[in-house]
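1. A predicted structure for the sequence below; I have some questions about it.
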Amino acid sequence: MNAASQLQNVDSASVAERRLRMPPIPDEFGSLITHEQRIALNQKQQFGWFVKFVRRPLFQPIEVVLSNPDGSEFLVLDTDGVTRPFFNVRTDDLR
């Protein structure tokens, strides 16, 4: 086994380990989002969008990431209810 494949295996293992600590969508999700986010989420859900995961960076507000039904597009739901494109997704990690 070469060094590049060992490094790749270590990276994928650490990502998997990080994700096992917390669920992708917290149990108390409804209490974490604002009223504006709830309204926008409800509107997006009517068109098939759903919450893919919630990013929880330290000392920063949470980021709600939505996905379209076929998983080809992602949006971030800001605290004021506005959505914007989200490009920082490694689709291999979401399988």
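-> Perfect, I can see it now. Residues are numbered from 1 along each chain as shown.
2. use CA for all of it now, contacts and neighbours both
-> Noted.
3. residue contacts, the residue lying closest to residue 66 once chain neighbours are set aside?
-> Computed as CA to CA, 6 or more residues apart in numbering, the closest residue to residue 66 that is not its neighbour in sequence is residue 51, at 4.5 Å. If you count contacts by CA atoms under 8 Å, 6 or more residues apart in numbering, residue 51 has them with 25, 64, 65, 66, 67.
4. any low-confidence regions in this structure?
-> 1-20, 89-95 (pLDDT under 70).
5. again, 90 this time
-> Residues of the chain meeting the criterion pLDDT under 90: 1-28, 55-58, 60-62, 71-72, 87-95.
6. tell me where it has helices.
-> For the chain, the helices defined by DSSP state H cover 3-21, 29-32, 35-45.
7. ok, and what's touching the shortest one?
-> So that's helix 29-32. residue 38.
8. contacts only, for the most centrally placed residue in the chain.
-> In the chain, the residue lying closest to the centroid (CA atoms, centre = their mean) is residue 53, at 3.0 Å. The neighbours of residue 53, taking CA under 8 Å, 6+ apart as the test, are 24, 25, 64, 65, 66.
9. please verify my assumption that the last one contacts residue 49.
-> Yep, that's residue 66 we're talking about. Yes: if you go by CA atoms under 8 Å, residue 66 and residue 49 touch, sitting 6.4 Å apart.
10. pretty sure residue 34 is touching residue 79, no?
-> Yes: shown here, residue 34 and residue 79 form a contact pair, counting by CA under 8 Å, at 6.2 Å.
11. quick one, which of these two is more surrounded?
-> residue 79 (17 against 14; other CA atoms under 10 Å).
12. now do the contacts for residue 82.
-> 37, 40 are the contacts of residue 82 under CA under 8 Å, 6+ apart.
13. ok, now residue 79?
-> Residues counted as contacts of residue 79 (CA under 8 Å, 6+ apart) are 33, 34, 36, 37.
14. inside strands: which ones of the contacts of residue 53?
-> By the criterion of DSSP state E, membership of these in strands covers 64, 65, 66.
15. no further questions, thank you.
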